[in-house]
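[1] give me a model of this one.
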Amino acid sequence: MAEKAIKKEAVKPAKRKKTNVKISQKGKVYIIATFNNTLVTITNDKGDTVSWGSAGAAGFKGTRKSTPYAATVAMEQAAKKALALGIQSVDVSVKGPGAGRDSALRAIKSAGISISSIADITPIPHNGPRAKKKRRV
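    Below is the predicted model of the structure:
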């Protein structure tokens, strides 16, 4: 009694289709500077993402992610990709209280992209919910 060998065919994963984002010379840069990391996203006029980066993706771990140098490296990596794709001038929106705010702006300038405007979009509560009671020691 010879049993038939069942052949299993390898299932190939479907290849993702790369979307072609239309890139003009103007774009927008969104910098989110938290106390633990700095996130950078560069988009075209419409808001479609062209390139992005973060201090963690740049190879920094732990407390070094929150340094101004890590923000500079993350911004330079994202800016080089965007510059290669054709973005030349940007509007910058900065959000958050982190250490990487100013150094990321300097990195944009040093990468060769001109900054046309800078806006701070950090959310500020207009007296929001009631604060926690004061801590007693």
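[2] so what pairs up with the residue nearest in space to the middle of the chain in the strands?
    For the chain, the residue nearest the mean C-alpha position is residue 40 (2.6 Å; CA atoms, centre = their mean). Assessed by DSSP bridges, residue 40 has beta-bridge partners residue 31, residue 53.
[3] where does this protein dip in pLDDT?
    Scanning the chain for pLDDT under 70 picks out 1-9, 17-19.
[4] ranges for the helices of it?
    Shown for the chain, the helices assigned by DSSP state H span residues 68-85, 101-111.
[5] looking at these, which is buried most?
    helix 68-85 (a mean of 21; mean count of other CB atoms under 10 Å). In this view, the C-beta of every residue, glycine as well, is placed from N, C-alpha and C.
[6] now for that helix, which elements pack on it?
    strand 26-33, strand 38-44, strand 49-54, helix 101-111 (3 or more CB pairs under 8 Å, 6 or more residues apart in numbering; DSSP states H and E).
[7] that older thread, can you put the helices of the chain in TSV and add distance to residue 133?
    Listed next are the helices of the chain as TSV, based on distance: least, CB to CB, whole Å:
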stretch	distance to residue 133
helix 68-85	36
helix 101-111	32
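[8] if we compare those, which one ends up closest to residue 55?
    helix 68-85 (3.6 Å; CB to CB).
[9] rewinding a little: looking at the helices and strands packed on helix 68-85, spot the one closest to residue 92.
    strand 26-33 (4.7 Å).
[10] which other helices and strands does the closest one contact?
    Short answer (3+ CB pairs under 8 Å, 6+ apart): strand 26-33 packs on strand 38-44, helix 68-85, strand 89-95, helix 101-111.
[11] could you check the angle the first one makes with strand 89-95?
    The reference is to strand 38-44. 140 degrees (axes from the mean of the first three to the mean of the last three CA atoms, to 10 degrees).
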